[in-house]
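Undergrad: With the input below, show me the fold.
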Amino acid sequence: KRYPPAMSRILEVVPYVRHALKALSNHPFRDVLTRSIMLMQDGFSSRDSSHRLLRYWSSLEQLYVEADAKGRSNEKVLERVLFAEPDAALSKWKLEHIARLRNDYVHAGGPGDDLHHLCQFLRLLLSRHLNHWIFQGGDLANHAALLAYLKLPAQRSKLVEQKALIDRRIAFIDSQKPNKSK
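TA: Numbering: from 1, shown residues only. Predicted structure coming up:
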């Protein structure tokens, strides 16, 4: 109520929101994306930077860690979130720092002094990833398919090599099938 947004700005954003909600309505891993968005929103609405950072990180975990995983490894999140970052080395450094701050907050209750900037970085990264999966992940069968996709190598040459092995294995399996034309 103190700083209401301009109605013209709201009307500009409404079509994008409707488009996102439509894409999300039949999404194969809608529940995961919805929980991740809710965690992000909880962080976004918090005035406490430590809580915000914790919620943003939890949102990444929701998106990039199996639901039944016993321990939600920071390394697993880092490995999977970097697949699309343009400057993976810099993003990895920042995310490792965020993971340490998150652990400090969870285990010792102490906030860091650069939380605001890191929260902004994490919010923007998370927003990019959520938008990508909402609009580009609808062809994946489910959350497990997303995680399998992220486990694939990032280098094209390794993917080509792996594809050749998969094609060879499929050809072998097909050669073992009885010939129906006899």
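
Undergrad: any weak-confidence spans in the chain?
TA: By pLDDT under 70, the weakly predicted segments of the chain are 1, 70-72, 105-115, 180-182.

Undergrad: mind running it again at 90?
TA: In the predicted model of the chain, residues 1-17, 19-21, 23-24, 26, 44-54, 57, 65-125, 151, 153-155, 176-182 satisfy pLDDT under 90.

Undergrad: what ranges do the helices span in it?
TA: For the chain, applying DSSP state H gives helices covering 7-25, 30-44, 49-64, 74-81, 88-108, 115-136, 143-151, 156-176.

Undergrad: so the third one versus helix 143-151, what angle?
TA: Read that as helix 49-64. Counting by axes from the mean of the first three to the mean of the last three Cα atoms, to 10 degrees, helix 49-64 lies at 100 degrees to helix 143-151.

Undergrad: if we can go back for a sec, what's the most buried one of the helices of the chain?
TA: helix 49-64 (a mean of 23; mean count of other Cβ atoms under 10 Å). (Each C-beta comes from the backbone N, C-alpha and C, glycine too.)

Undergrad: Count the neighbours of the nearest residue to residue 146 once chain neighbours are set aside for me.
TA: Closest residue to residue 146 apart from its sequence neighbours, by Cβ to Cβ, 6 or more residues apart in numbering: residue 140 at 5.2 Å. Neighbourhood size, residue 140 [other Cβ atoms under 10 Å]: 17.
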